[in-house]
Every structure is written in structure tokens, then in C-alpha cells.
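Engineer: What would the 3D arrangement of this be:
(one chain, ligands or ions: 1)
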Amino acid sequence: MEVFENHLIAPYTTINLGGEARFFCNCNSEEDLRNCVKFSKENNYRLKIIAGGSNVIFPDEGFRGVVAKIEGEDIKIIKEAKEFVLVETWAGTDWDNFVKWSIENSFSGIECMSGIPGSCGATVIQNVGAYGQEISNVINEVITFDIESGKNRIFKNEDCKFGYRTSVFKNVYKGKVIITKVVFRLSRNTIDDYSYPDLKNEITKYKEYSNFSRIEKLKFIRNAVYKIRKSKSMIYDKNDPYSISCGSFFLNPILNREEFEKFYSLAKEKKLDPPYFKVNTNYKIPAAYLIEKSGFYKGYIKNGAGISKKHSLALVNFGCSTESLLNLANDIKDKVKNEFGISLEIEPDIIK
Ligand SMILES: Cc1cc2nc3c(=O)[nH]c(=O)nc-3n(C[C@H](O)[C@H](O)[C@H](O)COP(=O)(O)OP(=O)(O)OC[C@H]3O[C@@H](n4cnc5c(N)ncnc54)[C@H](O)[C@@H]3O)c2cc1C
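Structural biologist: The predicted structure is shown next:
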């Protein structure tokens, strides 16, 4: 295991923010992670796990503890049945490499999540999703160890309590367990109907799609998702300034009926006709709409922190500090609250 002292964290995050970690360790195995836990306990240091660094923001002052970065790749099929396969991945495995591997092997269920940066382990934390697919639909089990007791614990899909961009790992077990492996259940024969509008549009444009073989369809979907994501700078690329972000910065608020009616009549008073999506008995409102109707716009910049020109939910580091990025986030939250009475929730993990 490599250990660095007083090591700059920013380069290990897609938003390129954060001062120095007192200790920074590259962990390629469970043993490495357990050594980090032991070292931080013995020396009374805080411990923070990161992997791809695409959904985490460290303070400008840095982190006076141990940052353990999970690295390395391992993908293995542990069960083959007629209709599905169970595939176990090491937590550090790059998510998009795994998606590519699954498509090359003609396994389906994650192709719409092509191009999401980060690791396989972290996907379960916020129930990652895109273009109509969500991790919760393909998780068989999540293998962890408890930081306090050191004991291994397996979470079955139902134990994860997945919801919209959430799971038990984002709240009850945050900082309490380390995810070491994830077992995915991928399909060998089904294929989605891909009803998400942008994606459907790409399929409709391509007449030959319906004659494609299963694997050709999966490859087409991956390419189409890449194309759509690139147009919004949602593929992380150091050379694309609009992708120096954490992806979407705010969650789309979900309102119950009473909250929705209040919001809707307020919007009508402002002569607005807000889009919304019915989710069971609740209503999901696009946060991007609220932001744009609260006086912000794509390309807005203040003190080097800005809103992407390509996507109003992505806050971008155009040469800012963590402080100015969080100031911008708070300005947006305050304005949306004042205009619509809705409190936006921040998606990435903000380390204090
Ligand atoms: C350009 C861009 C596009 C994005 N698009 C999407 C999208 O379409 N959909 C979506 O849902 N998300 C998206 N994201 C967000 C992000 O990619 C995902 O949340 C991703 O799963 C984070 O993985 P990571 O390995 O980078 O996690 P990190 O940022 O390293 O960590 C995130 C959190 O998880 C914890 N953590 C990480 N690994 C472990 C582990 N093994 N055990 C315990 N805790 C752990 C960390 O402590 C931290 O709290 C996007 C981000 C960017 C930059």
C-alpha cells in the first residue's frame, strides 16, 4: 500500500477541489483498507474513503486525517444461470469499464448507465441511475466490513433500502461500513424498451436498430448514451472544462400532494407552468427548472464557481475554491427557497 503524507486531494476528485490530506493511502485490497482503519484508530485520526472522487468535495483546509482511496479492478462471474449471471466486482473497479465488459459479454441491465464516472462500490451508495436504469435493479448483494467491529456484513438488495439517489449507505451506515465487493445480477436475455425520451429519440432516428442482434443493440445504446452525455458534458474529461464537476449538484425535489399543490399555485401566480413527474403518490420537480426560474442561468459564474453552460444542474469549478463553490450552492438554495418555498438537497458528499 502506498502512503503519502500531506498530500493534495484535489487531483483525485473530478471537481478538482480540496486541500491536503494528513495521510493519503492507495488501497488495492481489503487488507489495505483494514490497515488504514487500524492506523486511523490507533492514532485517533478521522478516516475518509474515496474511490473515483466524482461525488465528493473536500474543504480548502484539507483533511486532518486519513484519506483511503480504493483502487484496482476485479470482475468475476460467480454464477451462471440460463437467464442471468451473478458478477462480483471489487469495489474499486471502474464503473464504466464494468459496463463495457458487461456489454461485450452480452449481459444487459446497466447499459444506460454507460459513462457515469466512479467506482462499482460507490454506485450503491446513492443508487446511481441514468436514462431509465438504476443500480437498485441489478444489485444482488453488497459485501462490506464494519469499521468499528471489523466484522464482514453482507447486505442483500432489500437490506440496502434503495430510494431515489439514496440507500442505507448514504445515511444509517455512512462512515460505519466500507464496501469491498458488489455482486450484480445481470440479464442474459432481456432487453429494455428504452423509453427515456433522449434515448428513444436516438433509437427512432436509426431505422436499422430493430434488426440488430442483442449485443448490437446493447452496443448501440452505449454509444447513444455516450453521445447524449457528451453533449451535456456529463462524461468526465479533464479537457472539457464543463465536466470539472460532480455531475448533478442538486437532487430533483420530491413533493407530497400537499406540498405540490402549494408549489403549483405559487408557480401559477408567477405565470409559470412547471414540468413535473408523478412518482407513485408524489411529484418530482426538475431542480434545473427551479434554478433557471430563480434568476440563474447556464454559464453563470461567481468567484470562479459556475453553472455549466451545458447543464444547469452541474456546478463547475472554473478556477474556484471549495468555499466559493459552496457559496454559489447556498445562493442557489436560498433563491429557490425564496421563489418556490422548496429546499434543494445537495447530491455530493460535502466533507467538513
Ligand atoms: C460528469 C459526471 C457525471 C455524473 N453522472 C451521474 C449520473 O448520471 N447518475 C448518477 O447517479 N451519478 C452521476 N454522477 C455522480 C457520481 O459519478 C456517482 O455518484 C459515482 O457513483 C460516485 O463514485 P465514486 O467512486 O467517484 O465515489 P466517490 O466520489 O469517491 O465517493 C462518493 C461517496 O461514497 C463514499 N464511498 C465511495 N466508495 C466507498 C466504499 N467502497 N465504501 C464506503 N463508502 C464509499 C465516499 O466516502 C463518499 O461519501 C456524475 C458525476 C460526474 C462528475
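Engineer: So residue 261: helix, strand or coil?
Structural biologist: helix (DSSP: H, G, I helix; E, B strand; the rest coil).
Engineer: heads up, I number from 397, so please use that
Structural biologist: Sure, I'll start counting at 397 from here, so that last one is residue 657.
Engineer: Which residue is most remote from the mean position of this structure?
Structural biologist: The centre of the chain is farthest from one residue, residue 665, which by CA atoms, centre = their mean lies 35.2 Å away.
Engineer: Could you pull up the residues touching that one?
Structural biologist: Shown in contact with residue 665 (CB atoms under 8 Å, 6 or more residues apart in numbering): no residues. Backbone N, C-alpha and C define where each C-beta goes, glycine included.
Engineer: Determine how far the helix or strand hosting residue 702 lies from the middle of the whole chain.
Structural biologist: Under the criterion of DSSP states H and E, residue 702 resides in strand 701-703. Distance, stretch centre to chain centre, for strand 701-703: 19 Å (CA atoms, centre = their mean, to the nearest Å).
Engineer: From the ligand, how far out is residue 499?
Structural biologist: 17 Å (CB to the nearest ligand atom, to the nearest Å).
Engineer: For that residue, give me its contacts.
Structural biologist: 507, 510, 611, 614, 615, 618.
Engineer: show me what contacts the nearest residue to residue 669 once chain neighbours are set aside?
Structural biologist: Excluding its sequence neighbours, the residue lying closest to residue 669 (CB to CB, 6 or more residues apart in numbering) is residue 663, at 7.5 Å. When the contact criterion is CB under 8 Å, 6+ apart, the partners of residue 663 are 669, 670, 736.
Engineer: same thing with residue 610?
Structural biologist: So residue 610 contacts 502, 504, 585, 587 (CB under 8 Å, 6+ apart).
Engineer: just residue 560 next, same as before
Structural biologist: Taking CB under 8 Å, 6+ apart, one finds 523, 647, 648, 650, 675, 680 in contact with residue 560.
Engineer: Surely residue 704 touches residue 630?
Structural biologist: No. Using CB atoms under 8 Å, residue 704 is not in contact with residue 630; the gap is 9.1 Å.
Engineer: who touches both of these two?
Structural biologist: residue 710.
Engineer: mind checking the backbone torsions on the residue in the stretch 597-746 of the chain that the ligand sits nearest to?
Structural biologist: Proximity of the stretch 597-746 of the chain to the ligand (CB to the nearest ligand atom) peaks at residue 643, 2.4 Å away. Per-residue torsions, residue 643: phi 80, psi -140 (degrees, to the nearest 10).
Engineer: My read is that it contacts residue 450, right?
Structural biologist: Yes. Under the criterion of CB under 8 Å, residue 643 makes contact with residue 450 at 6.8 Å.
Engineer: Compare those two (neighbour count), which wins?
Structural biologist: residue 643 (26 against 21; other CB atoms under 10 Å).
Engineer: Around the ligand, pick out the residues from the stretch 447-596 of the chain.
Structural biologist: 447-452, 466, 487, 512-515, 517-519, 521-522, 524-526, 574-575 (CB under 6 Å from any ligand atom).
Engineer: out of these, which are buried?
Structural biologist: Among these, the ones that count as buried by 16 or more other CB atoms under 10 Å are 447-452, 466, 487, 512-515, 517-519, 521-522, 524-526, 574-575.
Engineer: how about the nearest residue to residue 717, chain neighbours excluded?
Structural biologist: residue 456 (5.0 Å).
Engineer: Next, the contact list for residue 401, please.
Structural biologist: 418, 419, 420.
Engineer: Can you check my assumption that residue 462 lies in a strand?
Structural biologist: Yes. Assessed with three-state DSSP, residue 462 lies in a strand.
Engineer: Against the ligand, how distant is it?
Structural biologist: 12 Å.
Engineer: Next, count neighbours for that residue.
Structural biologist: 22.
Engineer: Confirm for me that it is in contact with residue 429.
Structural biologist: No. Judged on CB under 8 Å, residue 462 makes no contact with residue 429 at a distance of 10.7 Å.
Engineer: per-domain residue ranges of the chain.
Structural biologist: Domain assignment for the chain by automatic domain parsing gives 398-466, 471-627, 637-746.
Engineer: Kindly check the end-to-end length of the last one for me.
Structural biologist: I take that to be domain 637-746. Terminal residues of domain 637-746 lie 21 Å apart, using CA to CA, to the nearest Å.
Engineer: Kindly report the same for the longest one.
Structural biologist: Using CA to CA, the span of domain 471-627 from its first residue to its last is 30 Å.
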